[in-house]
Structure formats: C-alpha cells, structure tokens
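Engineer: Below is the sequence, then the predicted model.
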Amino acid sequence: MRIGVLGPLETRSDDGGPLRVPDRKVRVLLAALAARGGGPVPADRLVHDLWGDRPPRNPAGTLQARVSQLRRALGDPSLVLHGPSGYRLDGVTVDADRFRTLLASSSGAGLPERAACLGSALALWRGPAYADFADEGFAAPEIARLDEERLTALEELAEIRLALGEPVDLGPLVAERPLRERLTALHMRALYRDGRQGEALAAYEGLRARLADELGVDPAPEVRSLHRAILRQDLTLPARPPARVAGNLPAPVAGLVGRDEDVAQVRALLGERRLVTLTGPGGVGKTRLAVAVAGGLASSEAYPGGVWLVELVGAVDVAQAMAGVLGVRDDSAEPLLPRLAGVLAARRTLLVVDNCEHLVDQAAEVVSALLKAAPGLDVLVTGQEPLGVTGEHVEVVSPLPADAAARLFADRAGIEASPAVAAVCERLDGIPLALELAATRVRALGVEELAARLDDRFRLLSSGARDAPARQRTLRATIDWSWELLSGPERVVLRRLAAHAGGCTLEAAEEVCAEPGVDVLEALARLVQRSLVTPGPRHRLLESVAAYCVERLREAGEEDLVRERHARYYTRLAERAELRGPRQREWLERLDQETANLRRALAGRDPVRPANALAWYWFLRGRLGEARRALTAALERPGDRTERARAAVWLAGMTMAVGEPATPIPYEDLDLAGTALAGWFLSHVRWAYGDLARHEEGAGTALRGFEELGDRWGVAAALALRSKLAERRADLEAMRRDAERSLAIFEELGDRWGRIEAMDSLDRLAERRGDYAEAERLRRAELRLAEELGSEVSFRLSGLGRIALLAGDYARADAYHERARRLAAEQSYKSAEEYAELGLAMSARRQGRYDAAEELLTRWLGWLREVRGTPGIAFFLAELGFVAEQRGDGPAALALHQEGYEAARGEPRAEALALEGLAGAHSLVGDAERAVLLLGHAAALRASVGTPLPDGERHDVDRITARARAALGERFHELYESGRRRVRARETRR
C-alpha cells in the first residue's frame, strides 16, 4: 500500500487504485503514524494526537475502534500492527521516504545524475506536506523537516543547473522565502548570467533591507562577496561544469543506499585526520563507501593534486601498485618510495588504498613513509583490519540497519519492501554484498522461498555480477578470502566460536574454544581486528560467517567435541545462577542474554540438568510454554532418577499454571529437597483453586522440609504460600502473621520476587479491611519490583486495577486490567489472564454494560470448573447473578446465586457474597422479608471472621438494602437483626 503525505493525505493500493479513508479521526490516526516514520507509536501518544486534552471516557477502547476502522479502510489488517511499543504501519510505502531516498541517492553522483535524482524527488510533491493536518501538533515537526529538505533540494538543483548552463527562474521562490540567503544568492547569480545586473543588485538590496528590518543583521559574508563581484562585473559563471580534477575514480553505476551519515562522517574525518582506515567484514561495503566519499571530494577543490584509487586485490607490492596508478615509472635505479613521495608532495592529494588485508604489513610501511614525506597527502584505506600505524583513525563500517537493508534489497530486486524482505535482510545480517547476491535470486524463487532456503546460503548465493572481483561473486568466495588470511590458532578459535548462538562472553569463548598451545584471548583479539568477530561484552559472528565456520568445524572433525563443551559450560552457568537473593535481577538479565546458548545446551546429551537449573528462571520470566516444551523433551531422555523426578515436579507445576491437569510425578524418586519443592510449587501455582486442605498439606510438607534443609528462601516461600491459604479460610490473623514473617526473611535475603509474594498477601489484607490507600501503596511497590524483574507484572497491574475499580475510577481500572490481560495472554499465563478479565467484567457490570460483563464471565467459568477453582467459581457465579438481577431477571439470579452459595461452602467471605446475591434476587421477585434475613446473615458472617464489607465494596448491598427497606419500612431492622442472630447462635453452639 502507498501513502502520500507530500500534499493532502492520499492512500492507494499497490496497483495504484485509490483507497478511501472517510472518517477524519481515522485519517488523523494514519497521518500520525506516517509522520513518525510508521511507528511504533505508543497508544497514549496516539490518543493525545486524536483528542488532545479531551480524551474519550475509554481512550484505549476508542483508539482500538479507530484502528479497526483504519484496517477496514485499507483493506488489510496486517498493514497496522500492534506490539509492546505501540501501533505501527507495516508493508506501507510513504512518498516522503521515497523523496528522502532519492535525495540520498544523488550524493556522490555526477551533476546530470544529481539533477535527475533531485528532479524526480521534487516531482513527488503535490502541495504542502501534510496539507490537511497543518494545525495538528504531531505533524508540525515533520512538516518543518520536509519543508526544509524540499527547499534545500530546490537550491541544490538550481545550483547544478546553473553549473550546467541551464536557465533558472527563482523569482517566485525568493518571493515566498525572502530571508533565505542561499536562495537569494542563487537568484542573483541567475539574473547576472542572464545580463540582468541591475535586477541582481536590486535582489541583494531587498535581502539586505529585510534582514536589517526584521532580524537586525547583515547578509552573510559570502553573499556580500557575491554582491561586490557583481558590482565589479568580474563574476565568472561557466556555461558547463568545471573541468574534473585529476584522478581515476570509477563513475558510480548504482546508488549507495543507507550510507548518507557514514559518507558525511568519513568526509568530516578526512578534514581533520590525514589517515582514515575503514574496516569491517567482507562484503559490508567498505570500497563503495570509500569511493562515494572520495567522489564527493573529487568534485570539490579540496585536492588539486587529484583523488586516486589504488586497488590492491591481486597486487603483490603496494608501492608498485601506487606507482602504476600515479604514472610513476619503476625503471630507475633510484628507490621507488622517495619518488612516489616527491610526486605526492607537489600538490594536496588524496589516495584511496583499497583492500589492504592481504598486504597489511607492507601497506602500513608504505603509507606511513608517504605520510611523513608528503605533508599534503591524505590517505583513505579500506581493509578487514587496521594498519596499526601512528596517526591512524579507524572507522568501523557496520552492516546496514534494518530499514536501509530492506531498501537496498528491494531496490536491487525490483520489488517492494515486505516482512519477507525484512526476514531475508535479518538472516543476511544487513551485509550489502550478501543482499545483492540474494536479490539476483528473487526473480527465480520469490522472496518467501528465498528466505526459506537461506539455511543453504552458500549454494544459493553463488552467482554474482560478472564484472565484480572473483572474491565478491559468491558468498563463499567472500568468506574464503578472509579465512585464507588467518593463522592456525585463529582458525581454531573462529570455527569453535560457531558452536555458540547469539554470541558469547570471553569466559565462554576461553572454555569452549580451548586448545593446547592456543591463546584464545590473543586469537580472539586478532579476529576482532580482522572484522570477523563483532567486539563487545559479547563476541558475535555474523550469521553467514557462523554458517561457514560450522562447515569448517565439521571438516576438522570437532563438532561433537565442541558442542559437548558448549553444553557443559552453559549447564554449569545455569546451575550457578543466583536467582534467589540480591543478585536476582543481575542473573535474570545475564540468562536473558544467553537464551540462545541455553536453548542449544538443552539439546545436549543430558538435558535434564540444564532444564532443572532453568525452571525457576523460566517461571520468573513468565515463559511457561518454553518451560513445558523443554522439560517435556528433557524427560524423554534417560538420566539421573532424582534429577528426572525434580524435572517432573517443575513440569507439573508449569502445566498447572497454564490451566491444564498436572503431569505425573514419580514421588518415590524425590529426595528431601524435591519433596519440599513439590509441596510448595504445586500449591503455589494453584493456591486459589482446588482442594484447600490438600494445598495446606503441601505447604506444611514444604515448610518442614525447607526448615530441615536450612533453606531460608524455601521457608519464606512456604510461609508466603501459607498466608494466601489462610485468606481462603478467612483467618486474617494467620494471614498477617505468615506474610510478615515471610517478608522479613525475603528482605533479609534481598530477594525481589519474594518481597512481592509476601507483600501480595499484605495488600490483600489491607483491601479486605478497607484500607485502600495502604493496599495501593503496597501494590505500587510490588509493581516497581515486578517491572525490575520482568516477573508477575500482570497480577500487579490487575491489583492496581482493582483499587481503581473500588474507587469508582472505571477508566483507570479498565486501562490497568487491559494491560494486565494483554501481558498475561502473551505469556500464556492463564491464572493472570483470568484475574485481569474478571476485573474487566466487574467494571463492565458496574458501568451497566451487562452483555460485555456476561460474555467475559461466562468465558472463564468453564475453565474454573475444569481446574476446580472453587472460590473463583463462587465469585464468578455471584457476578453473573448480579448481572441477571440488574437486568431484572429474578429466576436466573436466584439460580446463579444458589449455585454460587453451594460452591462457596466452607469459605465464609464467599458464602457471605452468595447470601448478599440471594438477597438481591429475592428482593427482585417480591420476597423482601427473605432478602433482609439474608442480608443480616451475610453481615454477621463477615463480622465473624473480622472482615466487614468495606465502603468500596458496598455497591450491591446498598442497592439491595434500599430496595428491601422501601418494601418493608420499619420491619427492616427487626428482620435484619434476626438474620444476624442466626450466625451468632451458630457461633455460640460451636
């Protein structure tokens, strides 16, 4: 799909047909995404773009509705995607991007080519940018940028046309921008060349007067100098381009894509340094970048001695190669180097010495000597490693970023950018040579098939341009060239590095790549110098280099040996990870970085050990699906019985956490630590569901086991679990006592996750007692800790949503619950998703949106029955009963609340809620006396366990009470007290 913003907003399908986006807000949404590069743009920013300081009551929901309208208007939902960072356009071409690409491609070309590029770019404009959104705040910065870029392009085009002797009329543009000095100067030149000296002088006077009146300044020195030249009539305006300075640079055949900033950076460096070396992996585009930089300098007056390209591919002597380029004959008894220096010292000159890697020592010696002998010489070098001489500035040429790589590939293949194009570019690491080789296969295979075949990339990318050097005609030849330059130890380390996935630390490299007589650190440093290894805290191979090295690893017969070393190292790393205590966050981040390597270790001979070591990490990160797959696969392999039994415990718990029945556990193979783990973890993931007595038995087993083992973390975890179970039986004192003991231990241990768990019970206790300020304070503290860890965030967001709900702030409650729901769904965390959607249902009911509430509640009721979520079943039935009652359906409300009461038996607070629901149903069908007895009964039941109904939860009871009071008048109090006495009598009999 194509979007036009260089004028009024215009949308067209890929075949050019117009697409209508009728709604103003939807058009604003599309423009806001386009103005920010297609996104991603956070939802709250888009809400502000569309509605400013007056958002709708449900901004998130209303924005989603506008997004849906936009997707329908465009005819393809995949064109507008949503992710963690917000909404973004995908597979969409914007004319502003095409404009900028054309401007960039004009850099470094000859004057006619530059004029053509600039003309094509300017022809895209249909009017002012974002013409129908000029007053929108989001558009202002982009409009200003595009307007400036357009004016600069117009000025550059005028300058080129003047140099080419073509007529130029800038009068109308100067009238629009009378204070733009460069524009007026070009206008003065054009007028003077046409014999209109008086008008040129008048243009200057008009500029000078406006600058003085409006800004209080004089024209710039170069404009004043032009004015004086016109007065003297000594201004030379050639009718054709100036003669090219000496040099041998090849004319560019294809535009340089994605390197504008690099070109500018290297040009700036050559203005400050005499020796600049461009390094980077083979095929990254060092030569093209160097030629583009040199081409721009050749067309200036910076190097009157010329700009000369010395290509060293195939050369055996650097000085002789330079002599051949510069025309210095090597037939004299006098040494060649001093004669070269004499030639180069005569005038300021730039030498571009290309592909030095195979002659690096010789090149270093020659270049160093020439720089010392010829003060006017600058040198731009390309190679896979630096020269290593005094005064050298090394500039690393990186692979293309994703957007530029996609533009290059699409341009060379003659196609539009797409997700498949992005996938190819990512797999090929953004290396321009690999992308251009791949582009030649698109016509035969298509992009999707090409992407699918990249595992066999060396056979696939085996046909490049016939006029390219032999080493650049295939991907294998490019890497072969680098491999042949390596020493034996460097080859050993490089091929063994390929055993890693996603890079590795120095520690890992030294262990996995070790070989007697090989200094891994030294070899690694050399490989970094040679641009075969990406440096940093984690050393990484480009994917194509890694694939090549895997082949070399197999050829050396080392693959099994090195993979086994790799698995042992990462298993030990997982086992020593300190995921309990003050270094929890640090180790979570480290294991995050090693995810690819840890997954590879799980494919080793003994996957049970690393799976057990990683289980808690997976749980903390909410990666339950990955945990289940890895643990299941590990248990299919033989191994130590105790380790396998522990893995079965982890698997059963992870399975229960996603709402499925537990997998079998060989309890007879568990040791004391495994038994304690089973008692705690299997109840921890399901404490709110199932048999309360069984959970309490598990918590007790865990607590005793951890105490016997001296495991203080385990003791604190068991206490946190026990406090939650105490809530189910309404023993608030036990709940407080165990939670505070747990929190004290976890704070002593410095464990963030444990603090969240213990505080969770305390915030629930505060909510039960109506202390919403304390509950919110605790939950905000929990959310901060959870976000630091990246764990349990969904539950914390829902907790804050509940507080907002109790305060009657439904918009904020819905926002919290919706964020929680999305996060839980992404992690397949069923309990968290159920909790979030329950909050959305409660809010919908309180806002009178009964259909939405019923849909959400019904969706989860079946799941709760499957997992025996007794308290949850009772609560969901109560909410559904209230929905029926508020709709006026008394019989349905009675049935639902009666079923809820049966499910709530044994849990006082749940029983009380069901009784309140029954009271509402009876009052609706005309039995007000029964309703009041039930209300009194429920109030007394709540008081008996120390949890009277807080103000924020009295919405339904107050509504039902008012209805019953209106029906009964003075008899209300008598019946209410009668209901309360029933509970007191029952308590007395106990």
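Structural biologist: Great, that's in hand. All figures in this text were calculated on a predicted structure; none of them were measured in a lab.
Engineer: Only C-alpha atoms from now on, for both contacts and neighbour counts.
Structural biologist: Noted.
Engineer: can you pull out the helices in the stretch 51-200 of the chain?
Structural biologist: Along the stretch 51-200 of the chain, counting by DSSP state H, counting those that start in this stretch, helices occupy 59-74, 95-105, 111-122, 140-163, 171-176, 181-193, 197-210.
Engineer: Could you check the pLDDT of W713?
Structural biologist: Confidence at W713, expressed as pLDDT, is 97.
Engineer: Is it in contact with R580, as I believe?
Structural biologist: Yes: the criterion here is C-alpha atoms under 8 Å, and W713 meets it with R580 at 7.3 Å.
Engineer: pLDDT below threshold where in this protein?
Structural biologist: Residue ranges of the chain with pLDDT under 70: 107-110, 215-217, 234-246, 252-254, 299-301, 329-333, 346, 461-473, 867-871, 982-990.
Engineer: Could you tell me which residues within stretch 634-651 count as buried?
Structural biologist: A634, L635, T642, E643, R644, A645, R646, A647, A648, V649, W650, L651 (16 or more other C-alpha atoms under 10 Å).
Engineer: For the helix or strand harbouring T478, name the packing helices and strands.
Structural biologist: In this assignment (DSSP states H and E), T478 forms part of helix 475-483. With contacts taken as 3 or more C-alpha pairs under 8 Å, 6 or more residues apart in numbering; DSSP states H and E, helix 475-483 sits against helix 432-439, helix 457-460, helix 543-555.
Engineer: winner for burial among the ones you listed?
Structural biologist: Compared across those, helix 432-439 shows the largest average neighbour count, a mean of 24 (mean count of other C-alpha atoms under 10 Å).
Engineer: what's the angle from it to helix 543-555?
Structural biologist: 90 degrees (axes from the mean of the first three to the mean of the last three C-alpha atoms, to 10 degrees).
Engineer: just the angle between helix 432-439 and helix 475-483, please?
Structural biologist: Note on geometry: by the same axes, to 10 degrees, helix 432-439 and helix 475-483 are set 160 degrees apart in direction.
Engineer: all numbers from here: first residue = 7
Structural biologist: Right, with 7 as the first residue, what we last looked at is helix 438-445.
Engineer: Name the next helix or strand following helix 438-445 along the chain.
Structural biologist: Once helix 438-445 ends, the next helix or strand along the chain (criterion: DSSP H and E) is helix 448-451.
Engineer: Other residues contacting that following helix?
Structural biologist: Helix 448-451 has contacts (C-alpha atoms under 8 Å, 6 or more residues apart in numbering) with A419, L456.
Engineer: Test my guess that L698 contacts L731.
Structural biologist: Yes: under the criterion of C-alpha under 8 Å, L698 makes contact with L731 at 7.2 Å.
Engineer: more neighbours, these two?
Structural biologist: A count of neighbours by other C-alpha atoms under 10 Å puts L731 above the other of L698 and L731, at 24 against 21.
Engineer: Against L870, how distant is the more buried one?
Structural biologist: Distance, L731 to L870, using C-alpha to C-alpha, to the nearest Å: 18 Å.
Engineer: can you give me the helices in the stretch 307-456 of the chain?
Structural biologist: Using DSSP H, counting those that start in this stretch, the helices of the stretch 307-456 of the chain run over 324-332, 342-351, 366-379, 408-419, 425-433, 438-445, 448-451, 453-458.
Engineer: between the helices of the stretch 57-206 of the chain, which one is nearest to L768?
Structural biologist: L768 lies closest, by C-alpha to C-alpha, to one member of the helices of the stretch 57-206 of the chain: helix 65-80, at 30.9 Å.
Engineer: can you pull the buried residues of the closest one?
Structural biologist: Applying 16+ other C-alpha under 10 Å to helix 65-80 flags P65, A66, L69, R72, V73, Q75, L76, R77, A79, L80 as buried.
Engineer: Quick one: residues contacting the fifth one.
Structural biologist: For V73, the residues meeting the contact criterion (C-alpha under 8 Å, 6+ apart) are V32, L35, V86.
Engineer: Ok, the first one next?
Structural biologist: Shown in contact with P65 (C-alpha under 8 Å, 6+ apart): V53.
Engineer: distance of it from L52?
Structural biologist: Separation of P65 from L52 (C-alpha to C-alpha) stands at 10 Å.
Engineer: hey, where'd the strands end up in this protein?
Structural biologist: 8-10, 16-18, 86-89, 92-95, 99-100, 281-285, 313-317, 355-360, 383-389, 398-402 (DSSP state E).
Engineer: Just send the helices and strands packed on helix 481-489 back as a markdown table, with distance to R230 too.
Structural biologist: Formatted as a markdown table, the helices and strands packed on helix 481-489 follow (distance: least, C-alpha to C-alpha, whole Å):
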| stretch | distance to R230 |
| --- | --- |
| helix 438-445 | 46 |
| helix 463-466 | 60 |
| helix 549-561 | 57 |
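Engineer: For A375, which of these is the nearest?
Structural biologist: Counting by C-alpha to C-alpha, A375 lies closest to helix 438-445 out of these; the figure is 33.3 Å.
Engineer: Tell me, how many residues neighbour the nearest residue to A944 once chain neighbours are set aside?
Structural biologist: Leaving aside its chain neighbours, A944 sits nearest to A918 (4.4 Å; criterion: C-alpha to C-alpha, 6 or more residues apart in numbering). A count of neighbours around A918, defined by other C-alpha under 10 Å, yields 24.
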